[in-house]
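Q: Mind folding the following:
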Amino acid sequence: MAETTAELEARLLRPAGPERFDPAELEGLPEPVRRHLAQAIAPGTPLYRSARLRMRGRIKVGRWLPFRARQVLSPRDGFVWTARAAGMIAGGDRYLDGAGAVRWRLAGLVTVAAGDGPDVSRSAAGRAGAEGIWLPTALLPRFGVRWSAPAPDPEGFGEPRGGAPMDRVTAAFAVGETPVELELRLDEAGRAVALAFDRWAAGEFFRYRITELDPVGPPAAGSG
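A: Residues are numbered from 1 along each chain as shown. Reported below is the predicted structural model:
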């Protein structure tokens, strides 16, 4: 029997452990990387590994339509994203257990988009990793993420015209068996202002803004 969406989501919820973030663990990293992670994670923050999100925006299902969605995200493991567009088209995108899938149906009856297989899986794994920028604790070096700071590239993406080159940092890790490399451009405060990564897919898929982000904290005392 196929798992329900709730069951798939539950398998991606990774409670944070009892440890907390200490900026001392950033020692030895390149300065731009330290600056980025230090501004993104406050001292004492639980080491979140998964989160629940809600978002809204516009999605391209044949044509651009308004949508609302919820998502469970564990950047190193995958995501389950469930959306409804224009009130009549429902479906989503997911990556779990090394496999990605896309399904959209009209009124629950007519399939309007569907996909799976190796290319879809690699694309979905790339998305899972890239969305780690919303949960920076999951991208700390302690979790196997390799950070570096290549030299500034004035011809690269995200550079302001006529302005000084921005710092460029990369985060490399694997989602399942898929290698992922994120390239971030940082402003002077270390905030990410642009992100690029390979997703094995052509064209823009959706535009959105996050309306809720609820990291999964440590289990409550006495639970389990």
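
Q: ok, and what's touching the biggest helix by length in the chain?
A: Longest helix of the chain, by residue count under DSSP state H: helix 118-130. Residues from elsewhere that reach helix 118-130, judged by CB atoms under 8 Å, 6 or more residues apart in numbering: 73-79, 93-95, 98-102, 173, 175-176, 178, 180, 182, 195, 197-201. C-beta coordinates here come from the backbone N, C-alpha and C atoms, glycine included.

Q: Now list the buried members of these.
A: 73-79, 93-95, 99-102, 173, 175-176, 178, 180, 182, 197, 199 (16 or more other CB atoms under 10 Å).

Q: Of those, which belong to strands?
A: 73-74, 78-79, 93-95, 99-102, 173, 175, 178, 180, 182 (DSSP state E).

Q: nearest to residue 87, of these?
A: When these are compared for distance to residue 87 (CB to CB), residue 93 comes out closest, at 19.1 Å.

Q: Helix, strand or coil: sort out residue 3 for me.
A: Assigned state for residue 3: coil (three-state reduction, DSSP: H, G, I helix; E, B strand; the rest coil).

Q: now swap in residue 8 and tell me
A: What three-state DSSP gives for residue 8 is helix.

Q: Over to residue 203?
A: coil.

Q: residues in contact with the closest residue to it other than its chain neighbours?
A: Distances taken as CB to CB, 6 or more residues apart in numbering place residue 60 nearest to residue 203, at 7.7 Å, with adjacent residues excluded. Residues near residue 60 by CB under 8 Å, 6+ apart: 203-206.

Q: Pull out the buried members of the residues you listed.
A: residue 206.

Q: Of the contacts of residue 60, just say which sits nearest to residue 88.
A: Using CB to CB, the contacts of residue 60 come closest to residue 88 at residue 206, 17.0 Å.

Q: What's opposite the closest one in the beta bridge?
A: residue 59 (DSSP bridges).

Q: Sort out which residues of the lowest-mean-pLDDT helix or strand in the chain are buried, please.
A: Lowest on mean pLDDT, DSSP states H and E among the helices and strands of the chain sits strand 110-115, with a mean of 78. By 16+ other CB under 10 Å, the buried positions in strand 110-115 come out as residue 115.

Q: Note down every partner strand of it and its orientation.
A: Counting by DSSP bridges, strand 110-115 is paired with strand 99-106 (antiparallel).

Q: got the contact list for the strand it pairs with?
A: With CB under 8 Å, 6+ apart, strand 99-106 has contacts from 61, 85, 88-94, 111-116, 120-125.
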